[in-house]
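1. Give me the fold of what follows.
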Amino acid sequence: MNPRSWFFWLLLPLVGCSFTTAGNFEECKNDLDCGTVAACSKGYCLTLPAGCRREEAGGTVAAFDKTDRIPIAALLPLSNSEGLTDDSEVQGLNAMRLAASEVNRTGIKGRPFGLFVCDIGRSDGGGDDATRKYTGWMVENLQVPAFIVSGSGATTQAATLPARLDAGTLVISANATSPSLSSTFRTAGNVWRVPPSDDLQARALTNLIKADFPDAGTTRVDVIYVNDSAYGTSFGLPMVESLRAAGFITDGRPFPVDDLAGAITPIINGLSNASPKATVLIAFPPEARALITRAKTFPALTRAGGHRWYLTDAMKDPAVLTPETLTELDQAIGTAPAQGAGNAFPAFRDSFRTRYGIDPNTFSFTSHSYDAMWLVMLATAAAQSTSSFAGPALGQGMGKLANTTQQPIPLRADKWTEASNLLLEGKSINAEGSSGALDFDLDAGVPAAPYEVWQVSDGGIRVLRLTNP
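-> Residues are numbered from 1 along each chain as shown. Predicted structure coming up:
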């Protein structure tokens, strides 16, 4: 073989590869062509990051067998660092699945929504690093126009990632309540949340405590809160300020999120020495169980001794109620952003119970999760009036969902066609969710909304009434 022939055969595999690519080679037409752990993007199968999956809304493949599905990503701590399932987050995801399955009966001009879910609480690398990793991957590889993110910290992490900022992807949360997110909305852009801010919840809870203890000037009510800027501190400090403004003697008692075992003794010893009539607890279920169980060993901090616990939204979860805590929490009162303040709630509740066998009132933010998915899909319809599926267009679409001069349209399955058609025509609507009116402050990305008063009763959780802060 002469040298030129040898050189030709050496290059042939490389040339062949180039010809294949240039010839519009397609590895896949839809996600199902890629097996169970990958997604189809621009004709190629891309393996999803560990911890991410396609979520088959309603147990069907109505979205992922289509070549033109609209990808939406949800970043949720479905498990914790110990590998245990977070039931509250699972039910929130179920609410999103329910919404997607209802809308996907028709979709937008026949295009369905495909929900991709990533677990940011995994024991093998969850938290901030996972949030950033999944956000970047979904933006760069699937060009998702919107994220639904759980928690104030994760919402901030996703919103401020450079790849997200460059793309302008919409970020919305069903349960992020930190007051600082209003600033994030203004600086990072296109960052929304369904529930109201925690500084308003502090006011609502203070009103309840004042009704129980009208002689505030001689009554001590302390606040224990997890010392993280995203939730505990952003709620705990306004709670302390609100109680003091109401005349109560109040101390704030933060505990470190990463060293509860070392913090329990000094926190509870200090609380026992102060002997408050009541304590507001701002924590997540594992910390709440540990703190309440330790506190009941001190007579001054027992229900029998006259001490009362007041609970907050993160603890509206059956996981808080154990044989050890129920002795202290029976009849305890809590607050949370209202679940059923909107006219759409009865239909949502019936559909949710029928599909999943669980009352959504048992957990916080279930109806907010349903509303978050609806808002993303409605914003997409509004964006389509300009033939765009990009994040910035969805953000502009959010501005068309809160026209309070019009009659409200409840977000439920039988209203999708009416609402989406109006938005596709470039018109605005007045969307009313299962969680309540969605009248967004377009300078803060958050609606004004009432709170629910809930109670531990008969070993479970029941909602008593709604209240305005």
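2. Run through the stretch 151-300 of the chain and note the low-pLDDT ranges.
-> 229 (pLDDT under 70).
3. what ranges do the strands span in it?
-> 170-173, 191-193, 221-226, 252-255, 278-282 (DSSP state E, counting those that start in this stretch).
4. between those strands, which gets nearest to T106?
-> strand 170-173 (21.8 Å; Cβ to Cβ). From N, CA and C alone the C-beta is placed, and that goes for glycine too.
5. what would the strands of the stretch 151-300 of the chain look like in a markdown table with mean neighbour count and distance to L466?
-> Converted to a markdown table, the strands of the stretch 151-300 of the chain look like this (neighbours: other Cβ atoms under 10 Å; distance: least, Cβ to Cβ, whole Å):
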| stretch | mean neighbour count | distance to L466 |
| --- | --- | --- |
| strand 170-173 | 30 | 22 |
| strand 191-193 | 29 | 19 |
| strand 221-226 | 25 | 23 |
| strand 252-255 | 20 | 28 |
| strand 278-282 | 25 | 20 |
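6. what's the neighbour count on Q384?
-> Applying other Cβ atoms under 10 Å, we find 21 residues neighbouring Q384.
7. right, I mislabeled it, should have said P266
-> By other Cβ under 10 Å, the burial measure for P266, its neighbour count, is 11.
8. try L442
-> Residues near L442, counting by other Cβ under 10 Å: 11.
9. Next: G436.
-> Considering only other Cβ under 10 Å, G436 is surrounded by 29 other residues.
10. Now do the same for N2: its pLDDT.
-> N2 carries a pLDDT value of 45.
11. who touches stretch 436-445?
-> Identification of contacts with stretch 436-445 by Cβ atoms under 8 Å, 6 or more residues apart in numbering yields 181-182, 185-186, 191-194, 338, 341-342, 371, 375, 398-399, 401-402, 404, 408, 431-432, 446-450.
12. Please apply the same query to stretch 246-253.
-> 206, 209-210, 213, 216-225, 236-237, 239-240, 243-244, 267, 270-271, 274.
13. what's near enough to touch the nearest residue to Y44 once chain neighbours are set aside?
-> With Cβ to Cβ, 6 or more residues apart in numbering as the criterion, Y44 has its nearest non-adjacent residue at 5.0 Å, and that residue is E27. E27 makes contact with 33-34, 40, 43-45 under the criterion Cβ under 8 Å, 6+ apart.
14. Now do the helices in the stretch 151-300 of the chain.
-> Assigned by DSSP state H, counting those that start in this stretch, the helices in the stretch 151-300 of the chain fall at 152-160, 162-167, 181-188, 198-212, 232-245, 260-274, 285-295.
15. which SS class is the closest residue to R462 other than its chain neighbours?
-> Using Cβ to Cβ, 6+ apart and skipping residues adjacent in sequence, the residue nearest R462 is Q455, 5.7 Å away. What DSSP: H, G, I helix; E, B strand; the rest coil gives for Q455 is strand.
16. Residues in a beta bridge with Q455, which ones?
-> Note on Q455: beta-bridge partners by DSSP bridges are I333, R462.
17. Let me know how buried it is, in neighbour terms.
-> Residues near Q455, counting by other Cβ under 10 Å: 18.
18. can you check R465 too?
-> Neighbour tally, R465, other Cβ under 10 Å: 11.
19. hang on, it is in a strand, isn't it?
-> Yes: looking at R465 with three-state DSSP, it is inside a strand.
20. for it, what are its contacts?
-> 452-453.
21. Repeat that for A372.
-> A372 touches 96, 148, 172-174, 194, counting by Cβ under 8 Å, 6+ apart.
22. thinking again about what came up before, minimum distance to S101: which of the helices of the stretch 151-300 of the chain has it?
-> helix 152-160 (24.7 Å).
23. A379 in helix, strand or coil?
-> Assignment for A379 (three-state DSSP): helix.
24. Check what pLDDT F64 gets.
-> 92.
25. Show me the beta-bridge partners of F116.
-> Here F116, judged by DSSP bridges, has bridge partners R54, A73.
26. That one contacts Q143, doesn't it?
-> No: contact status for F116 versus Q143: not in contact, 11.9 Å apart, counting by Cβ atoms under 8 Å.
27. Residues that sit against both of the two, list them.
-> P71.
28. Which one of those two is surrounded by more residues?
-> F116 (23 against 15).
29. re earlier: can you redo the helices of the stretch 151-300 of the chain as TSV with distance to A379?
-> Listed next are the helices of the stretch 151-300 of the chain as TSV, based on distance: least, Cβ to Cβ, whole Å:
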stretch	distance to A379
helix 152-160	16
helix 162-167	15
helix 181-188	15
helix 198-212	24
helix 232-245	26
helix 260-274	39
helix 285-295	32
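30. what's the most buried one of the ones you listed?
-> helix 152-160 (a mean of 25; mean count of other Cβ atoms under 10 Å).
31. Tell me what angle that one forms with helix 198-212.
-> Relative orientation of helix 152-160 and helix 198-212, computed by axes from the mean of the first three to the mean of the last three Cα atoms, to 10 degrees: 160 degrees.
32. Packing partners of helix 152-160?
-> Counting contacts by 3 or more Cβ pairs under 8 Å, 6 or more residues apart in numbering; DSSP states H and E, helix 152-160 packs against helix 128-137, strand 146-149, strand 170-173, helix 181-188, strand 191-193.
33. who does the first one touch, helix- and strand-wise?
-> Contact here means 3+ Cβ pairs under 8 Å, 6+ apart; on that basis helix 128-137 packs against strand 70-76, strand 113-119, helix 152-160, helix 162-167.
34. same thing but 7 Å
-> Helices and strands touching helix 128-137, by 3 or more Cβ pairs under 7 Å, 6 or more residues apart in numbering; DSSP states H and E, are strand 70-76, helix 152-160, helix 162-167.
35. send the alpha carbons of the longest one over as CSV?
-> Looking back up the chat, that one is helix 152-160. Extracted in CSV, the C-alpha atoms of helix 152-160 (Å, rounded to 0.1, in the frame of the first residue of the first chain):
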residue,chain,number,x,y,z
SER,A,152,-35.9,29.7,50.0
GLY,A,153,-32.2,28.8,50.0
ALA,A,154,-32.5,26.5,47.0
THR,A,155,-34.6,29.1,45.2
THR,A,156,-31.9,31.7,45.7
GLN,A,157,-29.2,29.3,44.6
ALA,A,158,-31.0,28.4,41.4
ALA,A,159,-32.0,32.0,40.6
THR,A,160,-28.4,33.4,41.0
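36. contact partners of that helix?
-> Applying Cβ atoms under 7 Å, 6 or more residues apart in numbering, the contact partners of helix 152-160 are 75, 120, 128, 131-132, 135, 147, 149, 164, 171, 173, 176-178, 181, 184, 188, 191, 228, 230-231, 234.
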